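Student: sequence plus the predicted model coming up.
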Amino acid sequence: MIYTDPLISIIIPVYKVEEYLSRCIDSILSQTYKQFEIILLDDDSPDDCPRICDDFANKYSNIFAVHLKNTGAGPADARNEGIKLAKGKYVMFIDSDDYVHSTLLEVLKNALVDNETPMAMCLYKKIYNTENEVEPIFDEKNAIVIDDSETMSLLLDDQALSACWGKLYDINLFDGITYPTGKCNEDMFTTPLVTKKAKRVAVVKSPLYYYCQDAPSLVRAKFSYPKLDVVDATLFWKKEVELFYPELSEKANIHHIATILNSCQYIANKTDDYGKSRYASFKENILSNYNYIINSKYTTRNNKIKVILMKYGMFRIAFRFIELLNIKKYDVGF
């Protein structure tokens, strides 16, 4: 009997990343595991990305360029379309401004198959433009298996792990699950549903995904009100935890509060009606839970300081001062 390795479908949304796209694709072409297809979903990118996609598709029989016209919906619709087009038993998402280690597919596929789980994930490394790829260190006990409750706890500890990238999924996990159109941090609304459906996840304790910080992205873009979707996302997490993982409730509550505090840093000094209204609503939420927040073991020292500043009317002044002096860059999301 001839053994055939299962096909992995790699879905890559593409938009305004002409400087980084080839690096991303080349890192996949250099994989030690060869049974894969790449689906490039160009979301009507206004730069040279459409040509780059076509050039790769014309050169390689396992690369397919799909040109979505005037969708404006962002990566969510592209990922949903990629899932529909995927022919693989397994599916993986990679952001077009990131790249991956040459063993990513092989390691995650082996972790998934060897541990009989429908999903595997690895760690990630933030890469800045002055850094080079670091060779991960492996050991024979590199992969562990955790259940969906432990996975949810992991996401609460490191929100970046809720991103769809850095994971290999049995494609059947997406039956009935899609990425929400038009949302920032759309992964956060989907990953908990997928991990809950998976039940068991193999985790590879090596950083095989390179999360690049030098390229522009929706997450790292300048603040705008749609980025407040992250508050809705952490509220969704909070409700999911209350229903399915009550032992994590305090952790999820404080995570939601931390996101509200982070968002308040951006809107505390907004003068438009929407900004003032959202800030007032956030402040009321914080102060009504003041003692709970201050006394929780999950509240960081910095967030306790922010809550105290808010209680005594100093929050706006403090963050206006920080903004004027550019003391520190604060990011909503991850």
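Tutor: Thanks, I have the structure now. Numbers count the residues shown, from 1 in each chain.

Student: surely Thr178 and Glu81 touch.
Tutor: No - between Thr178 and Glu81 there is no contact under Cβ atoms under 8 Å: 10.2 Å. For glycine as for every other residue, the C-beta is placed from the backbone atoms N, C-alpha and C.

Student: the two: which has the busier surroundings?
Tutor: Glu81 (19 against 16; other Cβ atoms under 10 Å).

Student: ok, now how distant is that one from Gly166?
Tutor: Distance of Glu81 to Gly166, given as Cβ to Cβ, to the nearest Å: 21 Å.

Student: equivalent analysis for Ile25, please.
Tutor: Distance of Ile25 to Gly166, given as Cβ to Cβ: 17 Å.

Student: same question for Val201.
Tutor: Val201 sits 12 Å away from Gly166, going by Cβ to Cβ.

Student: give me the below-cutoff pLDDT ranges for the stretch 101-250 of the chain.
Tutor: Within the stretch 101-250 of the chain, the segments meeting pLDDT under 70 span 129-141, 215-222.

Student: helices of that one, residue ranges please.
Tutor: All helices of the stretch 101-250 of the chain, identified by DSSP state H, counting those that start in this stretch, fall at 104-114, 148-157, 191-198, 229-244, 249-267.

Student: and these: which comes nearest Val66?
Tutor: Nearest of the helices of the stretch 101-250 of the chain to Val66, taken as Cβ to Cβ: helix 104-114 at 21.0 Å.

Student: in the closest one, what's buried?
Tutor: Across helix 104-114, burial judged by 16 or more other Cβ atoms under 10 Å covers Leu104, Leu105, Glu106, Val107, Leu108, Lys109, Asn110, Ala111, Leu112.

Student: what are the bridge partners for the nearest residue to the fourth one once chain neighbours are set aside, then?
Tutor: Take Val107 and drop its neighbours on the chain: the residue closest to it by Cβ to Cβ, 6 or more residues apart in numbering is Val204, 5.7 Å away. Counting by DSSP bridges, Val204 is bridged to Cys122, Ala143.

Student: need the helices of the stretch 101-250 of the chain in TSV (columns: distance to Pro46).
Tutor: Output for the helices of the stretch 101-250 of the chain, formatted as TSV (distance: least, Cβ to Cβ, whole Å):
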stretch	distance to Pro46
helix 104-114	30
helix 148-157	34
helix 191-198	30
helix 229-244	24
helix 249-267	27
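
Student: who touches both of Val201 and Gly166?
Tutor: Shared contacts of Val201 and Gly166 (Cβ atoms under 8 Å, 6 or more residues apart in numbering): Met121.

Student: ok, Lys311 - contacts?
Tutor: The contact partners of Lys311, taken as Cβ under 8 Å, 6+ apart, are Leu287, Tyr290.

Student: Provide a list of residues in contact with the most centrally placed residue in the chain.
Tutor: For the chain, Ala163 is the residue whose C-alpha lies nearest the centre (Cα atoms, centre = their mean; 2.0 Å). By Cβ under 8 Å, 6+ apart, the contact set of Ala163 is Asp95, Asp187, Thr191, Tyr211, Phe334.

Student: swap in 10 Å and give it another go.
Tutor: Counting by Cβ atoms under 10 Å, 6 or more residues apart in numbering, Ala163 makes contact with 93, 95, 98, 121, 124, 155, 185-188, 191, 209, 211, 219, 334.

Student: what is the nearest of the residues you listed to Leu85?
Tutor: Distance to Leu85, by Cβ to Cβ, is smallest for Phe93 among the contacts of Ala163, at 13.2 Å.

Student: the closest residue in space to Val100 that isn't next to it in sequence and Asp95, how far apart?
Tutor: Nearest non-adjacent residue to Val100, counting by Cβ to Cβ, 6+ apart: Ser27, 5.0 Å away. Ser27 is 12 Å from Asp95, where distance means Cβ to Cβ.

Student: looking at these two, which is more packed in?
Tutor: Taking neighbours as other Cβ under 10 Å, Ser27 and Asp95 compare with Asp95 leading, 24 against 18.

Student: the more buried one and Gly74 touch, don't they?
Tutor: No - look at Asp95 against Gly74 with Cβ atoms under 10 Å: they stay out of range, at 11.9 Å.

Student: related to what we said a few turns ago, average pLDDT across the helix or strand that the residue nearest to Val100 is a member of?
Tutor: Under the criterion of DSSP states H and E, Ser27 resides in helix 21-29. Taken as a whole, helix 21-29 has a mean pLDDT of 96.
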